[in-house]
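In: what would the 3D arrangement of this be:
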Amino acid sequence: MVTEMVIAAVIGCYIVSSLILFKFPCLLHKKKDVKFMCRHISHRGGAGENYENTITAFHHAVNLGTDMLELDCHLSKDGKVVVSHDLSLDRRTQSSGLISEYDYDDLPCMKEQVPIDFVPGASFSSASEDRNFPLLEDVFKNFPNTAINIDIKINNDNLISKVSELVRKYNREHLTVWGNVNDDVTKKCYKENPNICLLFSAKSVSLLLLKLYTGLLPFMSLKETHLEVFVPAALVKVYSSYYPEKWWHHWVASIADVILIRRALFEHLAKRGIQTYLWVLNTEEEYRTAYESGATGVMTDYPTKLKHFLEANPQYARDNKLS
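Out: Below is the predicted model of the structure:
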């Protein structure tokens, strides 16, 4: 009887302590000092309004007032950090092969019509002459005061080291967040430069959810500063256009939405100074759902559309220069 009472008391103390610290995490954890707050994030600079990951796209988004540019990096054969989502040239150019097989000066320009990954069946086409792959250094030179979200696309120590060197060179540690879904890449990023803000990897997101639903999260420290996750229902809607749809896809996505897109979780993280970004959302309904869920920011292919949404809904644009 005494043993049962002790066990019940311990469990009760654990539950109460977890609930209190979940509500007031700064009783145990120091709030992270992130220097930027991003509500409006331009995915690849706004792939639905300009050629993705180009200087022109980035200028367009920044001129609109975006808070953050999201981009992707690879390494060329001659060791330069190239801004591109794809490792291969096949989707965006008339050439084939890998970026890593070309010296930077020999990279081809993009073809006139480039598909938009998160808008099935759509593509971007323009008379713009800027269809070149930029260097990350050129992005840093052009946008010294804009927060930049860097997806390190391959597990390459040299790439990680060179990106870190550029971040230091242009004094951008306080304006940059980096990482990848791959846990090994994200760990290497943190080891290379722990002063740069860090994304959760897919593995660390899974562990985050495990800690949340076991009540351990309020007690655990987190090295990451930014939770960047997809909305399962939105992603299924996109990929069902590319692949044969199964009856269970939307059912699984609905359950995943309930598990992952949790206002209580996002608010807890916000109190710890960790921002949450949802991607890639391109409709007003998706924007509204994301902000209502407590997400800090939305990543979109259509920065103009998101700007107009935030202007029409200032309640979602707090701490945002677009409001």
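In: going forward, measure contacts and count neighbours with C-alpha atoms only.
Out: OK.
In: mind checking what secondary structure residue 130 has?
Out: coil (DSSP: H, G, I helix; E, B strand; the rest coil).
In: count of neighbours near it?
Out: Using other CA atoms under 10 Å, residue 130 has 16 neighbouring residues.
In: ok now the top helix by length along the chain, how far from the chain's centre?
Out: As assigned by DSSP state H, the longest helix anywhere in the chain is helix 2-23. Relative to its parent chain, helix 2-23 has a centroid offset of 36 Å by CA atoms, centre = their mean, to the nearest Å.
In: put the alpha carbons of that helix into CSV.
Out: Output of helix 2-23 as CSV, limited to C-alpha atoms (Å, rounded to 0.1, in the frame of the first residue of the first chain):
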residue,chain,number,x,y,z
VAL,A,2,2.8,2.4,1.0
THR,A,3,4.7,1.5,-2.3
GLU,A,4,1.6,2.3,-4.3
MET,A,5,1.1,5.6,-2.6
VAL,A,6,4.8,6.6,-3.2
ILE,A,7,4.5,5.6,-6.9
ALA,A,8,1.2,7.6,-7.2
ALA,A,9,2.9,10.6,-5.5
VAL,A,10,5.9,10.5,-7.8
ILE,A,11,3.7,10.2,-10.9
GLY,A,12,1.5,13.1,-9.6
CYS,A,13,4.6,15.3,-9.0
TYR,A,14,5.9,14.5,-12.4
ILE,A,15,2.6,15.4,-14.1
VAL,A,16,2.2,18.6,-12.2
SER,A,17,5.8,19.7,-12.7
SER,A,18,5.6,18.9,-16.4
LEU,A,19,2.4,20.9,-16.8
ILE,A,20,3.8,23.9,-14.9
LEU,A,21,7.1,23.9,-16.9
PHE,A,22,5.2,23.4,-20.1
LYS,A,23,3.3,26.6,-19.4
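In: tell me which residues are up against stretch 83-90.
Out: The contact list for stretch 83-90 (CA atoms under 8 Å, 6 or more residues apart in numbering) reads 44, 53-54, 71-74, 95-100, 133-136, 153.
In: show me which residues of it are buried.
Out: In terms of neighbour count (16 or more other CA atoms under 10 Å), stretch 83-90 has its buried residues at 83, 84, 85, 87, 88, 89.
In: mind checking the SS state of the third one?
Out: Read it as residue 85. coil.
In: how near is it to residue 316?
Out: To residue 316, residue 85 is 29 Å away according to CA to CA, to the nearest Å.
In: and the first one, by the same measure?
Out: Here the distance between residue 83 and residue 316 works out to 31 Å (CA to CA).
In: got a pLDDT number for residue 241?
Out: At residue 241, the pLDDT value in this model is 71.
In: counting neighbours, what do you get for it?
Out: By other CA under 10 Å, neighbour count at residue 241 equals 12.
In: then residue 11?
Out: Using other CA under 10 Å: residue 11 sits among 12 other residues.
In: for the stretch 101-250 of the chain, what spans make up the strands?
Out: Here the stretch 101-250 of the chain has its strands, by DSSP state E, counting those that start in this stretch, at 113-115, 123-125, 147-152, 176-179, 197-198, 226-230.
In: residue 116 contacts residue 123, doesn't it?
Out: Yes. The pair residue 116 / residue 123 is scored as a contact, 5.0 Å apart, by CA atoms under 8 Å.
In: lowest confidence element among the helices and strands of this protein?
Out: One helix or strand of the chain scores below all others by mean pLDDT, DSSP states H and E: helix 232-239, with a mean of 85.
In: helices or strands up against that one?
Out: Using 3 or more CA pairs under 8 Å, 6 or more residues apart in numbering; DSSP states H and E as the contact test, the elements touching helix 232-239 are helix 249-260.
In: what strands line up against the top strand by length along the chain, and which way round?
Out: Counting by DSSP state E, the longest strand found in the chain is strand 68-75. Strand 68-75 sits in its sheet next to strand 40-43 (parallel), strand 81-83 (antiparallel), strand 147-152 (parallel), going by DSSP bridges.
In: got the contact list for the longest helix of the chain?
Out: 27, 28, 215, 216, 217, 218, 219, 268.
In: I'd like to know which of these are buried.
Out: 215, 216, 217, 218, 268.
In: what's the PyMOL line that selects buried ones from the contacts of stretch 83-90?
Out: Here the buried members of these are turned into a PyMOL selection, burial being counted by 16+ other CA under 10 Å:
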select buried, resi 44+53+54+71+72+73+74+98+99+100+133+134+135+136+153
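In: counting by contacts, list what the helix or strand containing residue 307 packs against.
Out: Taking DSSP states H and E as the definition, residue 307 sits inside helix 303-312. On a contact count with 3+ CA pairs under 8 Å, 6+ apart, helix 303-312 meets strand 40-43, helix 55-64, helix 284-292.
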